[in-house]
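# no FASTA, just this:
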């Protein structure tokens, strides 16, 4: 297999390392012919180039690995590669989540493969496992702790009693968080991963606006003290349920008992779970990010392309499942500042709730309510994003 590499950063260099160093005898016939980098200063190895045409116009290259991230120019490069009759493998969850149906359809028309195992769960073989389960089972539940940055922040806050800002700076120093951490702490990164997973399960392109999302930006040490009194840990959790031709998705902080697997997920580790009617619950745990774990998943896709793996069912995204936003509910911890107490409490008028003692703030726990109702009530209160924090109990 002759490979063109788009992006030679952390993940791209990991792919090059696995292949060039023959880390497995199964890749001894693989070769990275060219690797695209942005600037002349980045051309530090002979195979690197600043000219994308050296990859796309090279008839020797049959497979493209996109390791650039973001929507543009990744979208243009992926469609260009597929239209040129080249297979594409990517770890780019943002572009896959937005254009999954389009890429899959184009690849089928052109008679090539489009694969994206590394886009969800990094080194965890999640997408392949989900598709394998679907050969026999109707998958009715998907869940997961999919983001290493939030894992690090939350676990550091729990263990050291530090503030959110202090732990975010630690995550940035360790390379887990970007200078602009919005995608991680507001749940956007997790949302992309849940879009991809749910789209596969319901056989339809799920849209971002269909996923109720609440991040961890407003969490404070007082919240962690209260959760500790309950003997629970908080994690940013993604979930989808699929029943009777409908699906419902949410991403939100959620409490787990200390002995549950999700409570122990830290650093760059992810946990992905599914429920099938015959197999029951399956959970997959592994490194969800990092140079070699993510590169490993990409090379696994390359091996499947090279070996002509046809054991999995054909992917289809033309289904007619409908989004049912009221299918999921829960009891919620709501902590808010005194400055917005009147507006926030008025928004929850009529909801059964119990006041709880939280250091330096006001808080209550609701009876079970639809998650969409929680979002609607907070939005109707017109409060700022830092004035309220919620967690499913």
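Good, I have the coordinates. All values reported here derive from a predicted model rather than from experimental measurement. Numbering: from 1, shown residues only.

# can you give me the helices for the stretch 51-200 of the chain?
With DSSP state H, counting those that start in this stretch as the criterion, the stretch 51-200 of the chain has helices at 53-56, 74-83, 93-110, 126-134, 148-160, 164-173, 182-185, 188-202.

# which of those has the highest mean neighbour count?
Per residue and on average, the most neighbours among these fall to helix 188-202, with a mean of 25 (mean count of other C-beta atoms under 10 Å). In short, each C-beta sits where N, CA and C put it, glycine included.

# same for that helix, what does it pack against?
helix 93-110, helix 126-134, strand 139-145, strand 211-213, strand 232-243, strand 246-257 (3 or more C-beta pairs under 8 Å, 6 or more residues apart in numbering; DSSP states H and E).

# I'd like the mean pLDDT over that helix, please.
Taken as a whole, helix 188-202 has a mean pLDDT of 98.

# repeat for stretch 308-316
On average, the pLDDT along stretch 308-316 is 79.

# now do that stretch: distance from first to last residue.
19 Å (C-alpha to C-alpha, to the nearest Å).

# now that stretch: buried residues?
residue 315 (16 or more other C-beta atoms under 10 Å).

# cool, stretch 374-390 as well?
For stretch 374-390, by 16+ other C-beta under 10 Å, it's 374, 375, 377, 378, 381, 383, 387, 388, 389, 390.

# now do stretch 361-375
Per 16+ other C-beta under 10 Å, stretch 361-375 contains these buried residues: 361-366, 369-375.

# secondary structure class for the residue lying closest to residue 89 once chain neighbours are set aside?
Nearest residue to residue 89 in three dimensions, chain neighbours excluded: residue 301, at 4.5 Å (C-beta to C-beta, 6 or more residues apart in numbering). Classification of residue 301 using DSSP: H, G, I helix; E, B strand; the rest coil returns helix.

# rewinding a little: in helices only, show me the buried residues of stretch 374-390.
Using DSSP state H, the members of these that fall within helices are 374, 375, 377, 378, 381.

# which of those lies closest to residue 73?
Relative to residue 73, the closest of these is residue 375; by C-beta to C-beta it sits at 34.1 Å.

# leaving out chain neighbours, which residue sits closest to the closest one?
residue 212 is the one closest to residue 375 (C-beta to C-beta, 6+ apart), at 5.5 Å.

# likewise for residue 295?
Leaving aside its sequence neighbours, residue 295 sits nearest to residue 14 (C-beta to C-beta, 6+ apart; 3.0 Å).

# that neighbour and residue 147, how far apart?
20 Å (C-beta to C-beta, to the nearest Å).

# would JSON lines of the buried residues of stretch 374-390 with distance to residue 89 and pLDDT be doable?
Putting the buried residues of stretch 374-390 into JSON lines (distance: C-beta to C-beta, whole Å; pLDDT from 0 to 100) gives the following:
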{"residue": "374", "distance to residue 89": "39", "pLDDT": "98"}
{"residue": "375", "distance to residue 89": "36", "pLDDT": "98"}
{"residue": "377", "distance to residue 89": "43", "pLDDT": "98"}
{"residue": "378", "distance to residue 89": "40", "pLDDT": "98"}
{"residue": "381", "distance to residue 89": "45", "pLDDT": "97"}
{"residue": "383", "distance to residue 89": "44", "pLDDT": "96"}
{"residue": "387", "distance to residue 89": "43", "pLDDT": "96"}
{"residue": "388", "distance to residue 89": "41", "pLDDT": "98"}
{"residue": "389", "distance to residue 89": "39", "pLDDT": "98"}
{"residue": "390", "distance to residue 89": "38", "pLDDT": "98"}
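
# reformat the residues you listed as JSON lines; add distance to residue 338.
JSON lines is the format used below for the buried residues of stretch 374-390 (distance: C-beta to C-beta, whole Å):
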{"residue": "374", "distance to residue 338": "21"}
{"residue": "375", "distance to residue 338": "23"}
{"residue": "377", "distance to residue 338": "19"}
{"residue": "378", "distance to residue 338": "17"}
{"residue": "381", "distance to residue 338": "14"}
{"residue": "383", "distance to residue 338": "12"}
{"residue": "387", "distance to residue 338": "10"}
{"residue": "388", "distance to residue 338": "12"}
{"residue": "389", "distance to residue 338": "14"}
{"residue": "390", "distance to residue 338": "17"}
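
# give me the pLDDT for residue 14.
For residue 14, the model assigns a pLDDT of 97.

# what sits against residue 93?
With contact set as C-beta atoms under 8 Å, 6 or more residues apart in numbering, residue 93 has these partners: 116, 119, 120, 189, 192, 193, 196.

# can you list the domains in this protein?
Residue ranges for each domain of the chain read 2-115, 126-289+312-323, 329-392, as given by automatic domain parsing.

# among those, which comes closest to residue 297?
Going by C-beta to C-beta, the one of the domains of the chain nearest residue 297 is domain 2-115, 7.0 Å.

# which helix or strand contains the most far-flung residue of the chain relative to its centre?
Distance from the C-alpha centroid of the chain peaks at residue 342, with 35.9 Å (C-alpha atoms, centre = their mean). Residue 342 is part of helix 341-347 when elements are defined by DSSP states H and E.
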